[in-house]
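Undergrad: could you work out the structure for the sequence below:
(one chain, ligands or ions: 1)
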Amino acid sequence: MDVNSSNIEEIVRQVLDSMKGGAVSAPVAAAVAGREVPKTARVAMLTQLEKFELKEFAIPELGDNDMLVKVEGCGVCGTDAHEFKRDPFGLIPVALGHEGTGEIVKMGKNVKVDSAGKPLHVGDKVVTCVTLHDDPDITMYDMNKQNVGAADVYGLLPDDDVHFNGWFADYIIVRGGSSVFNVSDLDLDSRILIEPCAVLIHAVERAKTTGILRFNSRVVVQGCGPIGLICIAVLRTMGVENIVAVDGENKRLEFARQMGANATVNFKDHQGIEALTNGVKAAFGGYLADFAFQCTGSPVAHANIYKFIRNGGGLCELGFFINGGDATINPHFDICSKEITTVGSWVYTLRDYATTFDFLKRAKGIGLPMEKLITHKFPLEQINEALVTNLKMEGLKIAVVNK
Ligand SMILES: [Zn+2]
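TA: Numbering: from 1, shown residues only. Predicted coordinates:
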């Protein structure tokens, strides 16, 4: 489309209208931002263990159901780090990156709405999620245990003629039938945090099924890595205010307070489980917790957490994303005689994704410093450094951010 000076005013007016909630037509949106699609673009291809290479590929013709998305950023996930280090999925060469977000620059003629039914236009910001071919309520549990059909994740697809299959790239091609969401109303940092946040939305939904978690509950969150910190944020946005965070690092505990914990316990300050339990009890003003979230991958931490919970209380265990080994508990004292209700939580469903968008808005609204969770940002050229930083467990969330 030609943009001359005489229609600039009209375009600006339409854009301003669109910011007030009106719709701006797709060709106008495209012209305003001057989206020229290059003939070629780069993909960070993991070509061997611990080595990404930036490969230049021709951007293929789009199918009628496809979208070309210009990548703005993508979080580095533990899954990316595992693949980078060991290739457990046997995918090399592979375009990684599944926690990505970007802007639609071109759409096939059949693309009209996202997976939630929200309209899609050129210029909209989107994220992709696990594409489940059957049912949006399917969890990772169902996929793994019940063989309910195929699931695809951009950033964990085998390489093919398209090549633009992962978010660590300049562009990604989102194929028809994918799970994709219009998240234009979220800023870039929030969009990069959607995937880890969805894990906590799911965990809190699981916790709510116990009937024990209430607004006035005393809640202990053990582990203040990204998962525990986001857990505190989700609880705060729900209106849960009496939260005690437990970790071994004062820096993390300080962050937990910023995220909304009103007291913290450093387990290194207490010798033995009895002393630690008393520390938690003191932090609640002399009470044990009504509910606990276990957010570490440590078997000892799992065994400890029962002691912090009152009789009739509840526990959500979500720390063991991968096998961390066996934990030793005393079933009589820890579960039976206390009548504790326990739920496990793993990953999320598509529905949790949609809930996560609103959580991120609420978190911003009540002033939680969510953006501080992203401690490192690397340009695409430094993708190898980004993965190494993640493997060294430095910082919290590592992201690749394109200019
Ligand atoms: Zn992930």
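Undergrad: hey, let's count contacts and neighbours off CA atoms from now on
TA: Fine.
Undergrad: looking at it, Leu186 is touching Ala363, isn't it?
TA: No: using CA atoms under 8 Å, Leu186 is not in contact with Ala363, being 11.6 Å away.
Undergrad: and this structure, what are its domain boundaries?
TA: 35-184+370-401, 198-344 (automatic domain parsing).
Undergrad: okay, and the common contacts of Leu186 and Ala363?
TA: Between them, Leu186 and Ala363 share no contacting residue under CA atoms under 8 Å, 6 or more residues apart in numbering.
Undergrad: now the helices for the stretch 51-200 of the chain?
TA: In the stretch 51-200 of the chain, the helices defined using DSSP state H, counting those that start in this stretch lie at 78-86, 140-145, 188-192, 194-208.
Undergrad: nearest to Asp124, out of these?
TA: helix 188-192 (12.3 Å; CA to CA).
Undergrad: what comes into contact with the closest one?
TA: Contacts of helix 188-192 (CA under 8 Å, 6+ apart): 72-75, 99-101, 127, 183, 360, 370-371, 374, 399.
Undergrad: cool, stretch 101-120 as well?
TA: Residues contacting stretch 101-120 (CA under 8 Å, 6+ apart): 30, 35, 37, 62-74, 121-128, 167, 176, 178-182, 188, 191-192, 354.
Undergrad: what comes up buried for that stretch?
TA: 101-108, 111, 114-115, 120 (16 or more other CA atoms under 10 Å).
Undergrad: how much space separates the closest residue to Val400 other than its chain neighbours from Ala386?
TA: Counting by CA to CA, 6 or more residues apart in numbering, Phe378 is the residue found nearest to Val400 once chain neighbours are left out, at 4.7 Å. Phe378 sits 6 Å away from Ala386, going by CA to CA, to the nearest Å.
Undergrad: which residues do the two both contact?
TA: Contacts common to Phe378 and Ala386, judged by CA under 8 Å, 6+ apart, are 398-400.
Undergrad: closest to the centroid, which residue in this structure?
TA: Glu195 (1.8 Å; CA atoms, centre = their mean).
Undergrad: pLDDT value on that one, please?
TA: Note for Glu195: predicted pLDDT of 93.
Undergrad: what's the answer for Tyr141, then?
TA: Note for Tyr141: predicted pLDDT of 60.
Undergrad: now swap in Val113 and tell me
TA: Looking at Val113, its pLDDT reads 94.
Undergrad: do the same with Lys364
TA: Model confidence at Lys364 (pLDDT) stands at 94.
Undergrad: could you report the neighbour count for it?
TA: Neighbour count for Lys364, taken as other CA atoms under 10 Å: 16.
Undergrad: who are the contact partners of it?
TA: Neighbour list for Lys364: Met370 [criterion: CA under 8 Å, 6+ apart].
Undergrad: look up how far Pro158 lies from it.
TA: Separation of Lys364 from Pro158 (CA to CA): 37 Å.
Undergrad: can you list the weak-confidence ranges in the chain?
TA: Low-confidence segments of the chain (pLDDT under 70): 1-34, 132-151.
Undergrad: for Gly176, give me its contacts.
TA: Counting by CA under 8 Å, 6+ apart, Gly176 touches 65-67, 111.
Undergrad: ok so, going back, list just the nearest of the contacts of helix 188-192 to Leu200.
TA: Leu360 (11.7 Å).
Undergrad: distance of the closest one relative to Val69?
TA: Leu360 is 22 Å from Val69, by CA to CA.
Undergrad: just Gly260 next, same as before
TA: Distance of Gly260 to Val69, computed by CA to CA: 35 Å.
Undergrad: for Ser115, same thing?
TA: 16 Å.
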